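In: Pasted the sequence and its predicted model underneath.
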Amino acid sequence: DAGVIQSPRHEVTEMGQEVTLRCKPISGHNSLFWYRQTMMRGLELLIYFNNNVPIDDSGMPEDRFSAKMPNASFSTLKIQPSEPRDSAVYFCASSSFSTSGGSGEQFFGPGTRLTVL
Amino acid sequence: GESVGLHLPTLSVQEGDNSIINCAYSNSASDYFIWYKQESGKGPQFIIDIRSNMDKRQGQRVTVLLNKTVKHLSLQIAATQPGDSAVYFCAENLAGTYKYIFGTGTRLKVLA
């Protein structure tokens, strides 16, 4: 398996523009996470999907952020409009979760480094 | 006021020596723990995990120790190499939940 795949790896955009980040989780994993990492706050959970359904979006900063998971092999994180304070590295991670067995190892993608000018 | 960034504790170790990185976790209900290594410009990479029914688990050159009494986790790296230089995070998973709580990380610097 290629692991978690994210694109693009780097994105530079201007304030006000729409940004879409993409993620392909590991095949067979039923849980997908979007994280944001900054020097100020470290690693923050933005949203969690289980079986393609958003379960917890309490970490999404504001309405400018939205995430979708149309199928088990693809998810997007969209920022519209983007602002300079959104500059960060965004990670997607996937894992297998069951109510009986709990969570297993969480695998991270390489991240998308977003710079909003 | 001036903003400050996340100040990571740094551990400097001579090449060939053993390293010990510590982590205090927050929730006594956590039952699964992971150590991650994050190199510059890369995503966190799984190193080793341990479940709460164990006190110790060994991998290749790495050992994780779990002390549930004081909610403490440690990562031991034997014969530290330059390639071990990275930021190391611990993560705890609350029993029966999806949620992982990450520590702030420790930067390991290996001195030649």
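Out: That came through fine.

In: what separates the helix-or-strand element of chain B with minimal mean pLDDT from the chain centre, distance-wise?
Out: Using mean pLDDT, DSSP states H and E, strand B:100-102 stands out as the lowest-scoring helix or strand of chain B, at a mean of 89. Distance of strand B:100-102 from its chain centroid, counting by C-alpha atoms, centre = their mean, to the nearest Å, is 12 Å.

In: Name the residues of it that come out as buried.
Out: Residues B:Tyr100, B:Phe102 are the ones in strand B:100-102 that count as buried (16 or more other C-beta atoms under 10 Å in any protein chain shown). Quick note: C-beta positions are derived from backbone N, CA and C, even for glycine.

In: where does chain A come near chain B, residue by residue?
Out: A:4, A:31, A:33, A:38-43, A:45, A:48, A:50, A:55-56, A:91, A:93, A:95, A:97, A:99, A:102-111 (C-beta under 8 Å from any C-beta of the partner chain).

In: Please flag which of these sit within helices.
Out: Among those, the subset assigned to helices under DSSP state H is empty.

In: Buried subset of the residues you listed as a ChimeraX selection?
Out: Entered in ChimeraX, the line below selects the buried ones among the residues of chain A next to chain B, by 16+ other C-beta under 10 Å:
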select /A:4,31,33,42,43,45,48,50,56,91,93,95,97,102,103,104,106,107,108,109,110,111
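
In: what pairs with the spatially closest residue to B:Leu11 that is not a sequence neighbour across the strands?
Out: Counting by C-beta to C-beta, 6 or more residues apart in numbering or on different chains, B:Leu11 lies nearest to B:Leu108, which is 5.2 Å off, once chain neighbours are set aside. Going by DSSP bridges, B:Leu108 is paired in beta bridges with B:Leu11, B:Ala86.
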